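Student: pasted the sequence and its predicted model underneath.
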Amino acid sequence: MRLRTLEIALEGLEGFGRPDSRTEQYSTPAILAARLLHHAHLLGDIEGKEVCDLGCGTGVLACGVVLLGAARVVGVDMDPDALAVAKRNAARLDADIRLVQGDVRDRSLIEGLGSFDTVIMNPPFGAQDPHADRPFVDTALALAPVIYGIFNAGSIPFLGAYTAGRAEIDLTMGGIFPLRRTFPFHRRDVVEIEVEILRIRRR
Ligand code: SAH
C-alpha cells in the first residue's frame, strides 16, 4: 500500500469524542501515523507480524497496522470511550483488532496480553504528568523486541538513559505533530509540536 493511500484511509477515521487532557488524548494526525507505519512496514516489522498498539486511543495506528498486513493486532487503552471509537473505526475499515481495556501501569496486563513482534505507540508526552511515558516504555519492552513510538523532540537523551542496558534506539525520524485546539487551555488554533519517531530495540 502506498504511503498516500494509507494516509487517506486513516484521515477518514473518527477522532476522540470528549478528549481528556489529563491522559493527553490527541489522535496522531494521519500524515504522521502513516509515516511511522510505512517506515515500520519497510523495515519488516508489520506485515505478517503480531503487533500491539499501546494507548491505542481511537485506534488510528492499530487500523493502519491491519491495512499493512499484520497477522494479529491488539489495541490497549484505559479509556472505554476511546475504545468505543476504536471499535467503530475498526469496523469502518473491516479491520480485525482485539481491543483490550487496561492500564499500562498494571503489571498483570502484560501476562494477559502475551508477547508480540512489534509494539507501536503514541504515548502521553508527559505534559500533564511528567513521567507518563515511562510505564509505556517499560510495558512495551516487556511485550515486544521492537518498539516504535512518537516522543517529544529532544527525548532521546532521557530515553537512552532510562533504557540503558535494556534497549537501544536504532532509528530516529523527525516529524511535526500539528496539534489542533482541543482543550480550553489551548490558546492557538494549531500549534506545531516537534516530535521524534523512534525505533527502540530490546537487547
Ligand atoms: N495512540 C492513539 C492515542 C494517543 S493519545 C493515537 O495515536 O491516536 C494517548 C492515549 O493513551 C489515550 O487514548 C489515553 O487514554 C491513553 N493512556 C494514557 N495513559 C494510559 C495508561 N496508563 N494506560 C493505558 N492507556 C493510557
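Tutor: Perfect, thanks for sending it. Numbering: from 1, shown residues only.

Student: got a list of what Leu99 touches?
Tutor: Residues near Leu99 by CB atoms under 8 Å, 6 or more residues apart in numbering: 56, 59, 74-77, 83, 86-87, 90. In this view, the C-beta of every residue, glycine as well, is placed from N, C-alpha and C.

Student: would CSV of those residues with secondary structure, distance to the ligand and neighbour count be doable?
Tutor: Output for the contacts of Leu99, formatted as CSV (DSSP: H, G, I helix; E, B strand; the rest coil; distance: CB to the nearest ligand atom, whole Å; neighbours: other CB atoms under 10 Å):
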residue, secondary structure, distance to the ligand, neighbour count
Cys56, coil, 5, 30
Gly59, coil, 7, 31
Val74, strand, 13, 22
Gly75, strand, 8, 29
Val76, strand, 6, 25
Asp77, strand, 5, 26
Leu83, helix, 9, 20
Ala86, helix, 9, 26
Lys87, helix, 13, 15
Ala90, helix, 13, 23
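
Student: I'd like those as TSV, with distance to Leu67 and pLDDT appended.
Tutor: Compiled in TSV, these are given as follows (distance: CB to CB, whole Å; pLDDT from 0 to 100):
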residue	distance to Leu67	pLDDT
Cys56	15	98
Gly59	12	98
Val74	16	98
Gly75	14	98
Val76	19	98
Asp77	19	97
Leu83	19	98
Ala86	15	98
Lys87	17	98
Ala90	11	98
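
Student: burial of the spatially closest residue to Arg188 that is not a sequence neighbour, as a residue count?
Tutor: Of all residues not flanking Arg188 in the chain, Arg181 sits nearest, at 6.8 Å (CB to CB, 6 or more residues apart in numbering). Residues near Arg181, counting by other CB atoms under 10 Å, number 12.

Student: for Arg181, list the residues it contacts.
Tutor: Arg181 neighbours (CB under 8 Å, 6+ apart): 188-190.

Student: now for Pro135: which residues touch it?
Tutor: Pro135 touches 104-105, counting by CB under 8 Å, 6+ apart.

Student: returning to that earlier point: per-residue pLDDT, the residue nearest to Arg188?
Tutor: pLDDT for Arg181: 78.

Student: can you tell me how far it is from the ligand?
Tutor: According to CB to the nearest ligand atom, to the nearest Å, Arg181 stands 16 Å off from the ligand.

Student: what's the answer for Glu192, then?
Tutor: Distance of Glu192 to the ligand, computed by CB to the nearest ligand atom: 17 Å.

Student: now that residue: which helix or strand?
Tutor: strand 190-202 (DSSP states H and E).

Student: pLDDT of that strand, averaged?
Tutor: Per-residue pLDDT values over strand 190-202 give a mean of 93.

Student: got the buried residues for it?
Tutor: Within strand 190-202, the residues scored as buried using 16 or more other CB atoms under 10 Å are 195-200, 202.

Student: which residues sit in contact with the nearest residue to Gly12 once chain neighbours are set aside?
Tutor: Nearest residue to Gly12, sequence neighbours excluded (CB to CB, 6+ apart): Arg92, at 7.6 Å. Arg92 makes contacts with 12-14, as judged by CB under 8 Å, 6+ apart.
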